[in-house]
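Asker: pasting a predicted model and its sequence here:
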Amino acid sequence: MNQTVGMATTTEEKVEFAERLKLALGRSRKRLSTPTALANAFNLRWQGAPVTAQAAQKWLQGTAMPAPDKIGVLAEMLGVPVQWLRYGIAATADTKATRLNEARARGYEGVQTGAVTAEELRLVERLRGMTEVRRELVKRLVAELALEQEMWLRN
């Protein structure tokens, strides 16, 4: 059984980690579509004993979970926050506020946290006029973009 910081990792934690790892791999610029490719890319960054393709396969299947230091390497390699990859925790409130301020500083005046704007109302009207299939497509797109903004590191 895997140990992380002196505590046993549950099956549920392993499965959830595997889902996040697969999501990160799917969104990564590096196309690592096999356990062998993942292990090879990981080993290029890792200073310890090499990880086997079988170990990477277990990470992806949710039957094993890497040690915290290996999760740190994976997170850096895939460009995602360590706390998200390990625990599924989104960016902290401080990080979100910083990103909001950075967006405003870059001139994205549409970034708001308060009242709904006229442009947002027009968007809702257009959404309501769409078929159910198209509304669902828009919802999925918005969910993906929100995940991108909340979970992934910005350069």
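Answerer: Thanks, I have the structure now.
Asker: identify the residues contacting the nearest residue to residue 77 once chain neighbours are set aside.
Answerer: If the residues on either side of it in the chain are set aside, residue 77 comes closest to residue 45, at 5.7 Å by CB to CB, 6 or more residues apart in numbering. Glycine gets a C-beta too; all of them are placed from N, C-alpha and C. Residues counted as contacts of residue 45 (CB atoms under 8 Å, 6 or more residues apart in numbering) are 73, 76, 77.
Asker: tally of neighbours for residue 28?
Answerer: When neighbours are counted by other CB atoms under 10 Å, residue 28 registers 15.
Asker: which residue sits closest to it, ignoring its sequence neighbours?
Answerer: residue 78 (4.9 Å).
Asker: same question for residue 54.
Answerer: In space, residue 54 is closest to residue 35, 7.4 Å off (CB to CB, 6+ apart).
Asker: so for the helix of greatest length in the chain, mean pLDDT?
Answerer: If you go by DSSP state H, the chain has its longest helix at helix 132-151. Per-residue pLDDT over helix 132-151 has a mean of 79.
Asker: before we move on, what about stretch 87-97?
Answerer: What stretch 87-97 shows for mean pLDDT is 63.
Asker: residue ranges with poor pLDDT in this structure?
Answerer: 1-8, 90-114, 146-155 (pLDDT under 70).
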